[in-house]
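Student: coords below, sequence missing:
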């Protein structure tokens, strides 16, 4: 299984809602990542997890809260988002932090109304 | 500030043409350079380059890295309509395996 899966595919939420994005991989990878991609822009790194511990937070606002409950799962909890947070949220994984090659999931397209 | 710049921004060619996409970079703690193809959603991995001057090939695609001049090129020969996509260059940096992406080149191959 060389796939990273993400759910849901699409999400529309209001500014007062709380929702979560989910990411799963069964490749035995120990590093997982969240990226945000705005329209016609490249992906921007948000968070890096290594061995289920948060390794890097690229100064992301606290309304985004990542969680890694086990080595296969990565969540992104969303609360009190702004319309400008609307974007494609991509999850990726790699064997470890020493392995540059990252495999991406299909993303969740988030719209904040 | 780390910077990855791709050119051209967009390109329109006809099937059978050969294209060359460029990526230049200025980053601290360079580890490797990666090329991805993004069609509708997930970027799909094409190549990872860590050493200068060694060409990587996969079918009609090839890529090479110049660590002295800080750039890489991606060549696609005998282009097909299925090659239409955004091609992203990313530089892996630092101990945290962080990727910094360039702005992408949007390639359209017309029949």
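Tutor: Noted; the coordinates are in hand. Remember, predicted model here, so these are calculated numbers, not experimental data.

Student: and the residue of chain B nearest chain A?
Tutor: In chain B, no residue comes nearer to chain A than residue B:101, which is 3.4 Å away by C-beta to the nearest C-beta. All C-beta spots, glycine's among them, are computed from the backbone N, C-alpha and C.

Student: quick one, what contacts that residue?
Tutor: Going by C-beta atoms under 8 Å, 6 or more residues apart in numbering or on different chains, residue B:101 touches A:42, A:43, A:44, B:4, B:88, B:89, B:90.

Student: apart from its neighbours in sequence, what residue is nearest it?
Tutor: Nearest non-adjacent residue to residue B:101, counting by C-beta to C-beta, 6 or more residues apart in numbering or on different chains: residue A:42, 3.4 Å away.

Student: tell me how far residue A:42 lies from residue B:60.
Tutor: Noted for residue A:42: a distance of 24 Å to residue B:60, by C-beta to C-beta, to the nearest Å.

Student: pLDDT weak spots in chain B?
Tutor: For chain B, residues meeting the criterion pLDDT under 70 lie at B:96.

Student: coming back round to it: and the residue nearest to residue B:101, what pLDDT?
Tutor: With respect to pLDDT, residue A:42 scores 89.

Student: now it: which helix or strand?
Tutor: Using DSSP states H and E, residue A:42 is not contained in any helix or strand.

Student: more neighbours, residue A:42 and residue B:60?
Tutor: Between residue A:42 and residue B:60, residue A:42 has the larger neighbour count (other C-beta atoms under 10 Å in any protein chain shown), namely 22 against 13.

Student: OK, contacts around the more buried one?
Tutor: B:88, B:90, B:101, B:102, B:103, B:104.

Student: ok, the helix or strand encompassing the first one: who's next to it in the sheet?
Tutor: Per DSSP H and E, residue B:88 falls inside strand B:85-93. Strand B:85-93 has the following sheet partners, assigned by DSSP bridges: strand B:30-38 (antiparallel), strand B:98-101 (antiparallel), strand B:105-110 (antiparallel).

Student: before we move on, back to that, pick the one among the contacts of residue B:101 closest to residue A:82.
Tutor: The closest of those to residue A:82 turns out to be residue A:44 (C-beta to C-beta; 16.1 Å).

Student: from what I can see the closest one touches residue A:34, true?
Tutor: No - counting by C-beta atoms under 8 Å, residue A:44 stays clear of residue A:34, with 9.9 Å between them.

Student: these two: who's more crowded?
Tutor: Neighbours were counted for residue A:44 and for residue A:34 using other C-beta under 10 Å; residue A:34 has more, 25 against 17.

Student: is the more buried one bridged to anything, and to what?
Tutor: According to DSSP bridges, beta-bridge pairing links residue A:34 with residue A:47, residue A:91.

Student: which residues sit in contact with it?
Tutor: Taking C-beta under 8 Å, 6+ apart as the criterion, residue A:34 is in contact with A:23, A:45, A:46, A:47, A:64, A:66, A:74, A:76, A:89, A:90, A:91.

Student: distance to residue A:38, pLDDT and neighbour count added to those, as TSV?
Tutor: Converted to TSV, the contacts of residue A:34 look like this (distance: C-beta to C-beta, whole Å; pLDDT from 0 to 100; neighbours: other C-beta atoms under 10 Å in any protein chain shown):
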residue	distance to residue A:38	pLDDT	neighbour count
A:23	19	98	26
A:45	13	91	22
A:46	12	95	20
A:47	17	94	23
A:64	14	97	19
A:66	19	97	20
A:74	21	97	27
A:76	16	98	23
A:89	11	97	23
A:90	12	96	27
A:91	16	96	28
